[in-house]
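Novice: dropping the sequence and predicted coords here.
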Amino acid sequence: MAQKSTMKLKAIGTVKNRVKQKPDRGFNWHDVVSEIIIDSSLAQGLDGLDDFSHIIVIYWLHEAADKAKMALKVHPRGRHDLPPVGVFASRSPYRPNPLGKATVRLLKRRGNILTVAGLDAINGTPVIDIKPYIPGYDSAAEAKAPEWARSHSVKP
């Protein structure tokens, strides 16, 4: 078994938007416009990012950090009509390291503030990293997934 190592992460910024708590299932994140306020000491690190239409945001699911809610088997999308899968085969926020990842549209950059659309993170969420979305590199040509993962509709 691999030796566990300690890691130290530092937030580079914070999400600011109108969503103050986890919304109900079926909420449309595509319509949410958020600002990502990057630490001003890191602003130069954003140079050139506005040449991209989309960015990848990696963030800490700070309200899902309750280890008591973590399970190794979960129902995808919280739907009990689907068979349980391992937590690593799901997008459950309750995981050993509650990291979120979203590819979002970059609407504009103003200094250390990025305005994005479609970020599924609530107000106050710590941002860990930002990467440019590079077509061809960030998408797999022959990816496969189970039916429940290909369907974008969320059923009650």
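Specialist: On my side now, so go ahead.

Novice: use CA for all of it now, contacts and neighbours both
Specialist: OK.

Novice: buried residues in stretch 108-116, which are they?
Specialist: Under the neighbour-count criterion of 16 or more other C-alpha atoms under 10 Å, stretch 108-116 has 109, 112-116 buried.

Novice: any idea what Thr115 is bridged to?
Specialist: Glu35, Lys108 (DSSP bridges).

Novice: is it correct that Tyr36 is in contact with Ala43?
Specialist: If you look again at residue 36, you'll see it is Ile, not Tyr. No: with contact defined as C-alpha atoms under 8 Å, Ile36 does not reach Ala43; the gap is 11.6 Å.

Novice: neighbour-wise, which of the two wins?
Specialist: Ile36 (25 against 15; other C-alpha atoms under 10 Å).

Novice: show me what contacts the more buried one?
Specialist: With contacts defined as C-alpha atoms under 8 Å, 6 or more residues apart in numbering, Ile36 is in contact with 13-16, 113-116, 127.

Novice: closest to Asp50 among the residues you listed?
Specialist: Nearest to Asp50 among the contacts of Ile36: Leu114, at 9.0 Å, using C-alpha to C-alpha.
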